[in-house]
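> No sequence on hand, only this structure:
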DNA sequence: GCGTGATACGTAGCGTTGCTACCTATAGTC
DNA sequence: GACTATAGGTAGCAACGCTACGTATCACGC
């Protein structure tokens, strides 16, 4: 998967990963990897800053906890985050339909 | 349509717009607009630099012409461009399936 | 002749954002 | 002691589409 492709869609994926309940960053990475058959294997340098962005935007809230001697920051969706997620889903459907139409449709004849 | 969503996918759209025959920049914009029912209405500041990038990458070639007193730069796909287009189409299908799986699938239960 | 809109090309500079590369720390296993 | 998995983080970079301009021609109304 080329790198730039994900730009602008990561937030939606992260919100979706938190939809089923609270998760910490590392678990989000694993969930994404498992749910996409390994096609989406995002580096920590992508996930952690993105989660902080979402927290700062008020779409998720984070709380520290310690499990098995290791500290975790558990994130959960806020009400605004839930709304944002459904907005992003609609955006994705629209975007994906638009690009598919432009890309997969039969060649557009040039007027010449 | 949010702005960042397009990132990394524009090249494919431009190549596809040239698949049916040579077009100049302004005509590409119109073709994109018409072919997506107006959902994709890209500014010239997006299209012209992108076409130059593609030309520099050897995926398209441009040639000046004058029609009705106005100069145009007509672009056409090169052989490499045609190959690139089919690669990008495959990328899109893979990417779109991956994101849809992660986004539209039923909520993953949290392991807690 | 003048203004306005469509056609047609272009550039400068910006902001966003995901990535690479690196760092810290604990627990378990060999 | 070394290594892997788990868990968090930052600095700096590169890519790229967008905004805001600027240039020019042609057609049309007035």
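Structure's in. What do you need? Fair warning: this is a prediction, and the values are worked out from it, not measured in the lab. Numbering: from 1, shown residues only, chains lettered A, B, ... in the order given.

> Return the set of buried residues in stretch A:95-102.
Neighbour counts using 16 or more other CB atoms under 10 Å in any protein chain shown place A:95, A:96, A:98, A:99, A:102 of stretch A:95-102 among the buried residues. All C-beta spots, glycine's among them, are computed from the backbone N, C-alpha and C.

> Is the nearest residue to residue A:4 once chain neighbours are set aside part of a helix or strand, or is it coil?
Nearest non-adjacent residue to residue A:4, counting by CB to CB, 6 or more residues apart in numbering or on different chains: residue B:8, 3.3 Å away. Judged by DSSP: H, G, I helix; E, B strand; the rest coil, the three-state class of residue B:8 is coil.

> how about residue B:8, what does it touch?
A:2, A:3, A:4, A:5, A:6, A:7 (CB atoms under 8 Å, 6 or more residues apart in numbering or on different chains).

> Spatially, which two of the residues you listed are the most separated?
A:2 and A:7 (10.3 Å; CB to CB).

> can I assume residue A:20 sits in a strand?
No: if the criterion is three-state DSSP, then residue A:20 is coil and not within a strand.

> Neighbours of it, how many?
16 (other CB atoms under 10 Å in any protein chain shown).

> Check residue A:108 too.
When counting by other CB under 10 Å, one arrives at 19 neighbours for residue A:108.

> What parts of chain A come near DNA strand D?
A:4, A:24-27, A:44-45, A:48-49, A:51-52, A:67-68, A:70-74 (CB under 7 Å from any atom of the strand).

> so which of those are also by DNA strand C?
Applying CB under 7 Å from any atom of the strand to the residues of chain A next to DNA strand D, those adjacent to DNA strand C are A:44, A:45, A:49, A:68, A:70.

> one step back: so which of the buried residues of stretch A:95-102 belong to helices?
A:95, A:96, A:98, A:99, A:102 (DSSP state H).

> Next up, the contacts around the residue nearest the centre of chain A.
Geometric centre of chain A, nearest residue: residue A:13, 1.8 Å, by CA atoms, centre = their mean. Residue A:13 sits next to A:32, A:40, B:99, B:102, B:103 when contact means CB under 8 Å, 6+ apart.

> which among these gets closest to DNA strand C?
Nearest to DNA strand C out of these is residue A:40 (CB to the nearest atom of the strand; 8.6 Å).

> Do I have it right that that closest one meets residue A:5?
No: counting by CB atoms under 8 Å, residue A:5 is not a contact partner of residue A:40; they are 10.8 Å apart.

> show me where chain A has strands.
For chain A, the strands defined by DSSP state E cover A:23-24, A:60-67, A:70-77.
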